[in-house]
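Student: A structural model of the following input is requested.
(one chain, ligands or ions: 3)
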Amino acid sequence: MGYIENSLREIPLKEKSIVFVGFMGVGKTTIGKLVAQKLHRSFIDADSEIERKYQMPIPKIFKTLGESEFRKAEKNLITELCHQNLKVISLGGGAFLQEEIRDVCLSHCIVFHLDLSWEMWKERLDMLIETRPVLQGRTIEEIELLFQARRETYADHHSKLITDQLSEEEAANYIVDSLKLSWKLYN
Ligand SMILES: Nc1ncnc2c1ncn2[C@@H]1O[C@H](COP(=O)(O)OP(=O)(O)OP(=O)(O)O)[C@@H](O)[C@H]1O
Ligand SMILES: O=C(O)C1=C[C@@H](O)[C@@H](O)[C@H](O)C1
Ligand SMILES: [Mg+2]
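Tutor: Numbering: from 1, shown residues only. Ligands and ions are numbered 1, 2, ... in the order given. Predicted coordinates:
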C-alpha cells in the first residue's frame, strides 16, 4: 500500500480528502460538487458553511462583522474539515492566503489548484461582483494585480488544472480520472 506521510499519522492516499483552491470564480464550488458526486463522497463548500453558521450571506458578514471575523471562521472551519477523510472540500478564494490553512490542507489532503487565464476569468467578473466583496470598489487593473499576486499563493498544491478549454463537466471528469490513476499507481 502506498502512503503519503504527514506530521500526524499516515493516511492512505485513497482516503484523503480533496481540497479545491484557486481564485474567486474559477469553479471550485461547481466543479468540486461534481467531483464529489462522481466519487460518491460528501461535498462541503467552506463559504456556504460559514454563511450557514452566521445565517447571512458573505457580503453581509463582511459588512456587519468584518472581514477578520470571516477569516477566523474560515480558519477554524477548514482546520476542522481537513482532519476528516473522504470528503471533497471547496475553499473560498482567499482562504489559502492564511498560512495555517495552507499548512493543514497540504499536510492532510490532496490539494487541487483550479486555474483560469486572466482573459477567460475577466469574462466572469460581471457575474461575480455582487457576491464577492473583495472584488468590489476595485478597478479592473487592481483586480488583475490581485489575480496575478494570488496565483503565487495557490502555487503550493499537489495538482493543478487549467480549465480554459473545459466545461464544468469535462473538468470534473478530468480530475476524477487523474485521481483514480494516482490511486492505482500509488496503492
Ligand atoms: N469550466 C467552466 N466553464 C464555464 N463556466 C464555469 C466553469 N467553472 C465554473 N463556471 C461558472 O463560473 C461561476 C463561478 O463558479 P464557482 O462559484 O464555482 O467559483 P468558485 O471558484 O467557487 O468561486 P469563489 O472562490 O468565489 O467561491 C459559476 O457561475 C459557474 O457556473
Ligand atoms: O477571494 C476571497 O477573498 C473570497 C472569496 C470568496 O470565495 C469568499 O470566501 C469571500 O467572498 C472572500
Ligand atoms: Mg465557491
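
Student: what parts of this structure come near ligand 2?
Tutor: Counting by Cβ under 6 Å from any ligand atom, the chain comes close to ligand 2 at Met24, Asp47, Ile58, Gly92, Gly93, Gly94, Arg132, Pro133, Val134. (Each C-beta comes from the backbone N, C-alpha and C, glycine too.)

Student: wait, doesn't the third one sit right on Ser48?
Tutor: No - Ile58 is beyond contact range of Ser48, at 9.4 Å (criterion: Cβ atoms under 8 Å).

Student: more neighbours: the two, which one.
Tutor: Comparing Ile58 with Ser48 by other Cβ atoms under 10 Å, the one with more neighbours is Ile58, at 19 against 14.

Student: OK, contacts around the more buried one?
Tutor: For Ile58, the contact set (Cβ atoms under 8 Å, 6 or more residues apart in numbering) comprises Asp47, Ile50, Glu51, Phe70, Gly92, Thr131, Arg132, Pro133.

Student: now do Trp118
Tutor: Trp118 is in contact with Glu144, Phe147, Gln148, counting by Cβ under 8 Å, 6+ apart.

Student: ok, the last one to Lys60 distance?
Tutor: Applying Cβ to Cβ, to the nearest Å, one obtains 29 Å for the distance of Gln148 from Lys60.

Student: cool, and the second one?
Tutor: Phe147 sits 25 Å away from Lys60, taking Cβ to Cβ as the criterion.

Student: and the two? which has more neighbours close in?
Tutor: Phe147 (20 against 13).

Student: can you tell me which residues contact that one?
Tutor: By Cβ under 8 Å, 6+ apart, the residues touching Phe147 are Phe23, Trp118, Trp121.

Student: which bits of this protein sit near ligand 3?
Tutor: Residues of the chain lying close to ligand 3 by Cβ under 5 Å from the ion are Lys28, Thr29.

Student: swap in 6 Å and give it another go.
Tutor: Residues of the chain that fall close to ligand 3, judged by Cβ under 6 Å from the ion: Lys28, Thr29, Asp45, Asp47, Ser90.

Student: does the fourth one belong to a helix or a strand, and which?
Tutor: Okay, so that is Asp47. Following DSSP states H and E, one finds Asp47 within helix 46-54.

Student: pull out the buried residues from the longest strand anywhere in the chain.
Tutor: For the chain, the strand that runs over the most residues, judged by DSSP state E, is strand 110-115. Within strand 110-115, the residues scored as buried using 16 or more other Cβ atoms under 10 Å are Ile110, Val111, Phe112, His113, Leu114, Asp115.

Student: residues contacting that strand, please?
Tutor: Against strand 110-115 from outside (Cβ under 8 Å, 6+ apart): 13, 16-23, 26-28, 31, 105, 151, 154-163, 171, 175, 179.

Student: what does stretch 171-187 give?
Tutor: For stretch 171-187, the external contacting residues (Cβ under 8 Å, 6+ apart) are 1-2, 4, 12-14, 18, 27, 31, 34-35, 38-39, 110, 112, 114, 159, 161, 163, 166.
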